[in-house]
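**Q** sequence? don't have it. structure:
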């Protein structure tokens with residue numbers, strides 16, 4: 001697969017197809033392209049809790065990817081609680097809400113705890129976090 005993009009889909013609860021686009025020439029690995037697209041579709045509400053994703057084998061075939069590539073994307077999405085795997089029943093969009101928001105909250109809590117343990121004042125810790133985010 002050289003040069004042209006490939007697409008695959010999920011069957012949503014509404015029955016409408018949802019397209020994924022993999023750009024083979026992208027510097028971003030295919031598993032990461034897929035992972036980011038699933039997260040974005042969840043954020044936009046185009047994939048909602050309970051929507052079933054295609055099997056690893058089917059999506060790999062549709063996208064002309066190795067099954068291990070799709071499996072890696074699914075594993076990382078499951079780790080981040082974006083999707084959940086229910087054994088032989090398949091993989092579904094998780095009902096935990098916006099997983100990115102949850103992960104950001106966990107990261108912020110860990111940062112705050114570490115800043116306190118280092119004796120940083122809240123204003124100082126906030127200034128450092130803002131600088132790291134590129135906010136002046």
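**A** That came through fine. Note that this is a predicted model, so its numbers are computed, not measured. Residues are numbered from 1 along each chain as shown.
**Q** elements contacting the biggest helix by length in the chain?
**A** As assigned by DSSP state H, the longest helix anywhere in the chain is helix 99-117. Contacts defined by 3 or more C-beta pairs under 8 Å, 6 or more residues apart in numbering; DSSP states H and E place helix 99-117 against helix 30-43, helix 122-132. Backbone N, C-alpha and C define where each C-beta goes, glycine included.
**Q** Now tell me what touches it from outside.
**A** Under the criterion C-beta atoms under 8 Å, 6 or more residues apart in numbering, residues 39, 42, 43, 80, 81, 82, 96, 122, 124, 125, 128, 129 lie in contact with helix 99-117.
**Q** What subset of the residues you listed is buried?
**A** Listed as buried from those are 39, 42, 80, 81, 82, 125; burial here means 16 or more other C-beta atoms under 10 Å.
**Q** what two of these are the furthest from one another?
**A** 42 and 125 (30.3 Å; C-beta to C-beta).
**Q** What is the least confident helix or strand in this protein?
**A** strand 6-11 (a mean of 55; mean pLDDT, DSSP states H and E).
**Q** What distance do you get for residue 119 to residue 130?
**A** 19 Å (C-beta to C-beta, to the nearest Å).
**Q** Between these two, tell me which one has more neighbours.
**A** residue 130 (11 against 7; other C-beta atoms under 10 Å).
**Q** Could I get the average pLDDT for the longest helix of the chain?
**A** Helix 99-117 comes out with an average pLDDT of 81.
**Q** Tell me how this structure divides into domains.
**A** Annotated domains of the chain cover 6-93, 99-132 [automatic domain parsing].
**Q** Most tightly packed of those?
**A** domain 6-93 (a mean of 16; mean count of other C-beta atoms under 10 Å).
**Q** Relative to the whole chain's centre, how far out is that one?
**A** Centroid separation for domain 6-93 versus its chain: 9 Å, with C-alpha atoms, centre = their mean, to the nearest Å.
**Q** All good on my end, thank you.
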